[in-house]
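Engineer: sequence-free structure coming up:
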């Protein structure tokens, strides 16, 4: 949930596993189907959203008959991110080895400390869709 907006991704109705995405506006109680689909339909998964609007989804059941579970991670922006966040995400995507560079070197090269700190928390190595 961000402000008065709530998102629902995937689910299960007793017969089918869904990969659709919906948004509920709590101020009007109106539902809207989003033009995105999960890359893997799941239910019983975990999701969270950052204060800036990045949703991260982990795991879930992906096959009813086999009762198989996935450990995949997906993320998507639910709100327009700051230019700084988009730039840092791009740096991490195009420089996948950046987390192996010693923090002192990154700081000497001018990488902001909070970005260096994010590398040690492994929050930048998320799969992205959308």
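Structural biologist: Arrived safely. Just so we're clear, the structure is a prediction, and the values are computed from it rather than from any experiment. Numbering: from 1, shown residues only.
Engineer: okay, and the beta partners of the residue most central in space within the chain?
Structural biologist: For the chain, residue 75 is the residue whose C-alpha lies nearest the centre (Cα atoms, centre = their mean; 2.0 Å). For residue 75, the beta-bridge partners are residue 56, residue 128 (DSSP bridges).
Engineer: who touches stretch 49-58?
Structural biologist: 1-2, 7, 9, 38, 42, 45-48, 71-82, 85, 126 (Cβ atoms under 8 Å, 6 or more residues apart in numbering). Yep, even glycine has a C-beta here, placed from its N, CA and C like the rest.
Engineer: of those residues, keep whichever come out buried.
Structural biologist: In terms of neighbour count (16 or more other Cβ atoms under 10 Å), the buried residues within those are 7, 9, 38, 42, 45, 47, 74-78, 81, 85, 126.
Engineer: closest one to residue 32 out of those, please.
Structural biologist: residue 7 (10.2 Å; Cβ to Cβ).
Engineer: excluding chain neighbours, what is closest to that closest one?
Structural biologist: residue 23 (5.4 Å; Cβ to Cβ, 6 or more residues apart in numbering).
Engineer: roughly how far apart are the one you found and residue 43?
Structural biologist: Separation of residue 23 from residue 43 (Cβ to Cβ, to the nearest Å): 18 Å.
Engineer: same thing with residue 89?
Structural biologist: Counting by Cβ to Cβ, the gap from residue 89 to residue 43 is 28 Å.
Engineer: could you do residue 81 as well?
Structural biologist: Using Cβ to Cβ, we find residue 81 at a distance of 27 Å from residue 43.
Engineer: one more: residue 60?
Structural biologist: Per Cβ to Cβ, residue 60 is found 6 Å from residue 43.
Engineer: what's the burial count for residue 93?
Structural biologist: By other Cβ atoms under 10 Å, the residues close to residue 93 number 13.
Engineer: same question for residue 117.
Structural biologist: 11.
Engineer: mind checking pLDDT for it?
Structural biologist: Note on residue 117: pLDDT of 88.
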